[in-house]
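A.B. asks: Need a 3D model of the following:
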Amino acid sequence: MQQGTTFVMNERQRLAELLRNCSKILSLDVGKQVHGAVLRMGYAFDLMIGNDLIDMYGKCSRVELARSVFHKMPERNVVSWTALMCGYLHHSNAQESLLLLSRMLFANVRPNEYTFSTNLKACGILGVLENGQQIHGLCAKSGFEKHPVAGNSIIDMYSRCGKLGEAEKKFHEMPEKSLITWNVMIAGYAMGGFGDKSLCLFKKMQQQGEMPDEFTFASTLKACSGFKAVREGSQIHGFLITKGFLISSQKVIAGALIDLYVKSGNLFEAHKVFSQVEQKSVISWTTLTVGYAQEGKLTEAMNLFKQLRESSITLDGFVLSSMMGIFADFTLIELGKQLHCCAVKIPSGLDISVLNSIMDMYLKCGLIEEAETLFDVMPEKNVISWTVMITGYGKYGLGGEAVELFKKMHMDRIEPDEVSYLALLTACSHSGLVQESEEFFSKLCNSNCLKPSVEHYACMVDILGRAGRLREAKVVIENMPVKPNVGIWQTLLGACRVHKNVEIGREVGEILLKLDGNNPVNYVMMSNIFADARLWEECEGLRGLVKTKGLRKEAGQSWVEIDKKMHFFYNRDETHPLTKAIHEFLYKMEKKMKYELGYTREVSFSLHDVEDETRDESLRFHSEKLAIGLALLSGSDEIEGKPIRVFKNLRVCGDCHEYIKGLSKILKKIFLVRDANRFHKFENGTCSCRDYW
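C.D. replies: Here you go, the predicted model:
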């Protein structure tokens, strides 16, 4: 009898050990086979085996199977509940973990330190401080507050919820500080934007004899990234090398180094580290790719992305959203469409964040119909989904549609946030909807949950300014409860130029020069107002100041995609191999427009500090005209009804606006131009903005 009992115990222990090994190596298939053996051998209702099954399925991201085992158990203990909570947390469902904690407490099962730790992490992930404080209170009453597992999680929860003071207090109260305790606090500082404190604590832990590990180094490197402390980050990099750390096999540290060098603009070092890594993470790959794109090195970025797609690494939502952001910024329509096709074939392609980024890409690339179709078929929409679509309508000058969508959002019980209101007010501004903007701005100001920012007030100033209510707009700025910034005064100054109001323009200009005297934009805007009023002495005085101070205005740049290749142009650019042909074509079109439409170049949109003839000539070769010229020469408009899409980094000037209107009429073609503010659809001699931009 004793021998039989021993055999049974060994068999049970062997099954449990197999399940625990499956949890460690994430072997779901073997785990399922062991589960089958458990059922055949009569251990289906064994408490220990059941707990191990829940743990295995949770760690293998099959939380629905873990839940099924849990519900079939005739008896559950604190380990059963905690294992399922961990499964939910592992499956990125922190909310469900907290709900399970409530059910556990209602079932009179006492939590242990691991239960508290799991749900404190859940509170940190969700950013629900109130729930975290309640669990902290339960922790204290149960005597687990000073237990290392729970104590470390309390520090982490407060850090993630933005309460670094509380995290510091708990850190100092810890009777014993393990390496994890130091790591959590160092990471908290880094995450909260206090990189200097993070580095100080990093030094202090070593002074107290604690040796850092890969997570310590990753957090300190992240801290260096946060405030671009490339020198300190390079020193840590050097320390790692001298101490014999194999960065090539440390994915976490390598990823942090790549992020540091990318954010510091040192792509050479970033790529060097990346090349050394044996098992490249998808995050590092994406970080470097985005870094190249942000530095304008599109070829290198696309080559890296191609290598990623050809590798064995599975694309996830982070990669898809990041790459869609690049395609949107550079208006790479064809690549964006290809990635959309790729996204629908993988599970993470249906993530709401990915669908939002695809919709944003279509809107920024001028494909509003595709964006609307995607928005309509999305299985789930969050506040970002609605805001992206409202923003898109605003960019296209479809203020009425934006207002209707905002109302529908309310009807669907999605509460708008500050960004949603900003998108709506911007849309109203671009469409001249004064009454509607005043109504919605009043709702925002009277909200109990939301507060208008300077950007919301800037929208109202823009709306009033466009309507010619300049003095009223100035009063709004002077009386608003938040401090006015440079941008809001520039908005009013722009309206002064539109309405040729020199008096208010001079008042606003003086304020701007006191606030931001080294910004060339302010001088150019003011000098243009004086030039329009033919106050040449004041105009030249400002231009002289710009030269004396050595200030340079951002150069206008336009680009166009032809046969999946991007072509970039600056004003008066002569670097393109087809420059001569483009100039000849533009001159020919201009002559035709003069003859048929009476078009003449408006030199007020050119520089005032050059000779009239040169000013007149420079307008012909503005970057957007050069891009359009190349597109027409290349025959990229051959498909009937297909618009020519051109993109510009600055606001399109008045002369180019008139030129493209005329071109659309005489050539009977559609031009879609995206500038820094909005989209302009030119068709049959008119623009969708109705000359209101």
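A.B. asks: hey, where'd the strands end up in the protein?
C.D. replies: For the chain, strands defined by DSSP state E occupy the ranges 557-562, 565-570, 644-648, 671-674, 679-683, 686-687.
A.B. asks: between the fifth one and strand 644-648, how big is the angle?
C.D. replies: For strand 679-683 against strand 644-648, the angle by axes from the mean of the first three to the mean of the last three CA atoms, to 10 degrees is 150 degrees.
A.B. asks: which strands and helices sit next to strand 679-683?
C.D. replies: Packing partners of strand 679-683 (3 or more CB pairs under 8 Å, 6 or more residues apart in numbering; DSSP states H and E): helix 654-667, strand 671-674. For glycine as for every other residue, the C-beta is placed from the backbone atoms N, C-alpha and C.
A.B. asks: which residues touch the last one?
C.D. replies: Spelled out, it's strand 671-674. 331, 364, 366, 395, 624, 628, 643-648, 652, 660, 663-664, 679-683 (CB atoms under 8 Å, 6 or more residues apart in numbering).
A.B. asks: what are the phi and psi values for the closest residue to Arg690 other than its chain neighbours?
C.D. replies: The shortest distance from Arg690 to any non-neighbouring residue, by CB to CB, 6 or more residues apart in numbering, is to Gly397 (7.3 Å). Backbone torsions of Gly397, given as degrees, to the nearest 10, read phi 70, psi 20.
A.B. asks: per-residue pLDDT, Gly397?
C.D. replies: Looking at Gly397, its pLDDT stands at 87.
A.B. asks: Tell me how many other residues crowd it.
C.D. replies: For Gly397, the neighbour count with other CB atoms under 10 Å is 23.
A.B. asks: one step back: closest to Leu179 out of the helices and strands packed on strand 679-683?
C.D. replies: strand 671-674 (51.2 Å; CB to CB).
A.B. asks: and that closest one, how far out from the chain's middle?
C.D. replies: Strand 671-674 sits 24 Å away from the centroid of its parent chain (CA atoms, centre = their mean, to the nearest Å).
A.B. asks: What count of nearby residues applies to Ser97?
C.D. replies: Ser97, neighbours per other CB under 10 Å, totals 25.
A.B. asks: How about the contacts made by it?
C.D. replies: Ser97 neighbours (CB under 8 Å, 6+ apart): Met85, Cys86, Tyr88, Leu89, Thr118, Asn119, Ala122.
A.B. asks: what about the helices in the stretch 451-600 of the chain?
C.D. replies: Using DSSP state H, counting those that start in this stretch, the helices assigned to the stretch 451-600 of the chain run over residues 454-466, 470-479, 486-498, 502-515, 520-532, 536-549, 579-597.
A.B. asks: can I assume Lys451 is in contact with Tyr421?
C.D. replies: No - applying CB atoms under 8 Å, one finds Lys451 not in contact with Tyr421, separated by 10.4 Å.
A.B. asks: Just want to know which of the two has more residues nearby.
C.D. replies: Tyr421 (24 against 12).
A.B. asks: re the thing from before, save the strands of the chain as CSV, and put in mean pLDDT and mean neighbour count too.
C.D. replies: CSV is the format used below for the strands of the chain (pLDDT from 0 to 100; neighbours: other CB atoms under 10 Å):
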stretch, mean pLDDT, mean neighbour count
strand 557-562, 87, 21
strand 565-570, 85, 17
strand 644-648, 89, 24
strand 671-674, 90, 23
strand 679-683, 89, 22
strand 686-687, 89, 18
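A.B. asks: Can you lay out those as TSV showing distance to Pro347?
C.D. replies: Listed next are these as TSV, based on distance: least, CB to CB, whole Å:
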stretch	distance to Pro347
strand 557-562	30
strand 565-570	32
strand 644-648	32
strand 671-674	33
strand 679-683	33
strand 686-687	43
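A.B. asks: For Cys341, find the nearest of the ones you listed.
C.D. replies: Going by CB to CB, the one of those nearest Cys341 is strand 557-562, 17.8 Å.
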